[in-house]
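Asks: Here's my sequence, what's the structure:
(chains A and B)
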Amino acid sequence: MSVFPATAAAKSAGRRAPGSAARPSSRGQRAAYGFIAPLGIGFAIFYFWPMIQTFYFSFTEFGPFGGHTWTGTDNYARVLRDVTVWQALGNTLIYCGIGLLALPLAIVIAALLNRRGLRGVSVYRALYFVPFVTLPVAVGLVWNWLYNGDFGLLNEILGWFGVDRHYWVSDPSTAVFAIGAVMVWSTTGYYLIIFMAGIKSIPQDYYEAAEIDGAGPLRRFFTITLPLLSPTLFFASVICMIQSLQTFDLIYIMMGEKNPAVGDTQSIVGLFYKWAFMENAQGAAAALAFLLMLLIAGLTYLQFRLQRKWVHYG
Amino acid sequence: MRRRTLLCSGLAAASAPVLAACSDEGGGTDGGGRTTLSYGMWDPAQVPGMQQIIAAFEKEHPDISVRIELTPWASYWTTLKTSMRGGTAPDVFWMNAVNFQLYAAHDVLEPLSEHIARDRTPVDRHPEQLVRLYAYDGTQYGLPKDFDTIGLWYNKALFDKAGVKYPDTSWTWDDLRDAAAELTNPRERVHGFCSEMQRQIVLYPAIHAAGGHVLRDGKSGFGDERTIEGLRFLTDMIDRGWSPPQSAMVENIGRVRFWSEKAAMVHDLSAMAGQMYAVPALKDHAGVTVLPKGRERTTVIHGLANVISAKSDKKAAAWKFVHFMAGRRAAEIQAKSGVTISSYAGTQDAWLKSMPEFDLKHFIAMEKYGVPYPSSKNTAVWENLQYPLLGAAFSGKGGIEGAARTLGEQMDRALKEERDS
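Replies: Numbering: from 1, shown residues only, chains lettered A, B, ... in the order given. Take a look at the predicted model:
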């Protein structure tokens, strides 16, 4: 909020005395551009330019060995007509919904870890963070062993309580949730770190004052921690939604191609991979990727609109 | 390797000593006029055998050296396509039936017919169906190096325990069903057979044994009555509990079940003999024979070929190498290494003797009536339709007939799109 008056002041100052005030500011700007150049150039070459190319190629038929012909909006028509796209979209939204469960989980754990007098906080923090920095391939393989229908640990433990063995990742009715659970397991640590930092920045006086007034731990959590954490929560929910809409690697590793539940678990990015790299339909894949980008942009915009209703900036 | 070459050529302009350091690494020709070919392949198990063949080739052609570029299977085809676009593809590389027509149709492979006629390459010594797999529009683009057939592997210990006679060359589908029923032991979680949803080793052989077909004259065979009969033979064994359902075989494939002696019979490739041999228990009591006869006695035959990139700037040397690879000497060396069956007739003895405990001769006998692996220009598109559509029926949920018909319709649509493009 404080940025805008300052800029306005600088502008009006510039109008009043063009010679004196504008020069140092533009020199400062040039320096700023210099500092962001290394990142900016990399971003332009490796992200922005491919994005423009993808947009262009989405209107072409792209040969498997290079060369492309303009086909107009054919690819978009194909994407919208294809039932597997809608199924993948549905799956992706389910993953997104499950993925967002990591946030409440992370907040609760963060609040518990921030209790005064708790020993070994850094150990817990590291333990929770390890899954996030583990390669998705390794995570997928290990979880597949845990879920394994014949020899898996999960079935073994459930067996003690008389639960029948179940093929978790190859039964269409449980596969999405089995994968979703692993997604939550592997991302919770990341949000935990963010929330712990957010909670640390809440002034301790509020809690002391609340305690003197007789507020219990639950009351303190809901009336102090949660509202003051809302900007952090907003940031985390935007990141979390974007991440889970792009989910691919875990599903790819955990499902394999011969799984009868493949259609019930395929995400948009998974479908993109199949089209672009297996079926030589790069043009249609580019269109699909572009539509996914629009979807992400739209949902993110919606989140920014909605935040006015629930995010408190202290 | 490529990246290093690029780096070297960039640095070479700046400093002469660097050039000297790079010369033995880089591609192309060095000071002595020696041509270095790159040879793209994916199977690490075949590297030692290939290196022996390369050594023999280099002895015959002192002016050419060959460097193996190994890319793991999972990324072989995407890497190859990208490197073709970027102009860094290997000069000679392995090709399979699934991808061949796509490459040939896009003119990225060097036509070999004229070279073959000129140098009298012994093409007729290789199985005819296999040679034909690598011809497109009447032009030969690849020469086979090996072949694979599918046999019926069985566990003698489990057969003895159930008191069932071992499978032999007289077996029919009825014998297979009866044995599967007897061998299945739910208490020990042993299944008689594995009706696995695996196109090359289970689905296609069953379809052809029933007298059906996968692809004929550009049309899908999945709607065909006999094709459906072949598929039903498989799903029926799942429904009766003689085979695990596909949902269970995703997590532990038939091959692994056979290794861990939880499956009494499986279909598997000749190329897997070496791995079976490496499992101590199976070396002693695994046997192999021809696939049982349905309406017809058949198997699926597939083999890899060596092809030359149309973008290679060393085609003369590349041809010499491919020609050598299709000859008797290379085949004999390959057979001795014991990984695959060399496709050159009469050189397979060394392979047979490499694993005397297994009756490997059946794999070679099946070559005569083997059906070539079906493929078209964009094979992957219609292959990708199969597992999602057949999955439910192979998981014991029934409905194989409807699923196969739907698959046939969707496959025909994909084939039509392929023709139109």
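Asks: The closest residue to residue A:62 other than its chain neighbours: what's it in contact with?
Replies: Of all residues not flanking residue A:62 in the chain, residue A:282 sits nearest, at 3.7 Å (Cβ to Cβ, 6 or more residues apart in numbering or on different chains). (C-beta placed from N, C-alpha, C; glycine too.) Contacts for residue A:282 (Cβ atoms under 8 Å, 6 or more residues apart in numbering or on different chains) come out as A:57, A:62, A:64, A:275-276.
Asks: where do the helices sit along the stretch 151-300 of chain A?
Replies: A:153-160, A:172-200, A:204-212, A:217-220, A:226-245, A:249-255, A:262-265, A:268-273, A:282-310 (DSSP state H, counting those that start in this stretch).
Asks: number of nearby residues for whichever residue of the stretch 301-421 of chain B sits closest to chain A?
Replies: Residue of the stretch 301-421 of chain B nearest chain A, by Cβ to the nearest Cβ: residue B:391 (2.9 Å). Applying other Cβ atoms under 10 Å in any protein chain shown, we find 25 residues neighbouring residue B:391.
Asks: Tell me the residues of the stretch 201-350 of chain B that contact chain A?
Replies: Contact residues (Cβ under 8 Å from any Cβ of the partner chain) of the stretch 201-350 of chain B with chain A: B:246-252.
Asks: Tabulate those residues (CSV), appending neighbour count.
Replies: Formatted as CSV, those follow (neighbours: other Cβ atoms under 10 Å in any protein chain shown):
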residue, neighbour count
B:246, 29
B:247, 27
B:248, 22
B:249, 32
B:250, 27
B:251, 22
B:252, 19
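Asks: Include secondary structure when you put these into CSV, please.
Replies: Formatted as CSV, those follow (DSSP: H, G, I helix; E, B strand; the rest coil):
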residue, secondary structure
B:246, helix
B:247, helix
B:248, helix
B:249, helix
B:250, helix
B:251, helix
B:252, coil
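Asks: Please, where are all the strands along the stretch 51-200 of chain A?
Replies: For the stretch 51-200 of chain A, strands defined by DSSP state E, counting those that start in this stretch occupy the ranges A:60-62, A:68-70.
Asks: Over to the stretch 201-350 of chain B?
Replies: Here the stretch 201-350 of chain B has its strands, by DSSP E, counting those that start in this stretch, at B:215-216, B:219-220, B:263-269, B:286-289, B:300-301, B:305-308, B:341-342.
Asks: Turn these into TSV, columns for mean neighbour count and mean pLDDT.
Replies: Formatted as TSV, the strands of the stretch 201-350 of chain B follow (neighbours: other Cβ atoms under 10 Å in any protein chain shown; pLDDT from 0 to 100):
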stretch	mean neighbour count	mean pLDDT
strand B:215-216	14	96
strand B:219-220	20	96
strand B:263-269	26	96
strand B:286-289	21	95
strand B:300-301	26	95
strand B:305-308	26	97
strand B:341-342	26	88
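Asks: Nearest to residue B:65, out of those strands?
Replies: Residue B:65 sits nearest to strand B:305-308 of all these, at 16.6 Å, using Cβ to Cβ.
Asks: Pull the distance from that closest one to the chain's centre.
Replies: Put simply, strand B:305-308 sits 14 Å off its chain's centre (Cα atoms, centre = their mean, to the nearest Å).
Asks: neighbouring strands for that strand, and are they parallel or not?
Replies: Paired neighbours of strand B:305-308 in the sheet (DSSP bridges): strand B:92-95 (antiparallel), strand B:142-144 (antiparallel).
Asks: Which pLDDT does the model give residue A:278?
Replies: We have a pLDDT of 87 for residue A:278.
Asks: what does residue B:278 give?
Replies: pLDDT, residue B:278: 89.
Asks: And for it, the neighbour number?
Replies: Quick note: residue B:278 (other Cβ under 10 Å) scores 10 neighbours.
Asks: and the nearest residue to residue B:111 once chain neighbours are set aside, what are its bridge partners?
Replies: Of all residues not flanking residue B:111 in the chain, residue B:139 sits nearest, at 4.9 Å (Cβ to Cβ, 6+ apart). Beta bridges link residue B:139 to residue B:136, judged by DSSP bridges.
Asks: isn't residue B:139 right next to residue B:113, touching?
Replies: Yes: using Cβ atoms under 8 Å, residue B:139 is in contact with residue B:113, at 5.2 Å.
Asks: Where does the closest residue to residue A:274 other than its chain neighbours sit, in terms of helix or strand?
Replies: Of all residues not flanking residue A:274 in the chain, residue B:384 sits nearest, at 6.6 Å (Cβ to Cβ, 6+ apart). Assigned by DSSP states H and E, residue B:384 falls within helix B:379-390.
Asks: Next: residue B:37.
Replies: Element membership for residue B:37 (DSSP H and E) is strand B:35-41.
Asks: same check, this time on residue B:101
Replies: Per DSSP H and E: helix B:97-105 holds residue B:101.
Asks: and that helix, average pLDDT?
Replies: Here helix B:97-105 scores 94 as its mean pLDDT.
Asks: ok, now stretch A:97-117?
Replies: Stretch A:97-117 shows a mean pLDDT of 92.
Asks: Quick check: buried residues in it?
Replies: For stretch A:97-117, the neighbour count (16 or more other Cβ atoms under 10 Å in any protein chain shown) marks A:98-103, A:105-107, A:109-111, A:113-114 as buried.
Asks: Next, count neighbours for residue A:243.
Replies: Using other Cβ under 10 Å, residue A:243 has 16 other residues around it.
Asks: Now do the contacts for it.
Replies: Shown in contact with residue A:243 (Cβ under 8 Å, 6+ apart): A:99, A:187.
Asks: for residue B:406, same thing?
Replies: Neighbouring residues of residue B:406 by Cβ under 8 Å, 6+ apart: residue B:389.
Asks: tell me the secondary structure for it?
Replies: helix.
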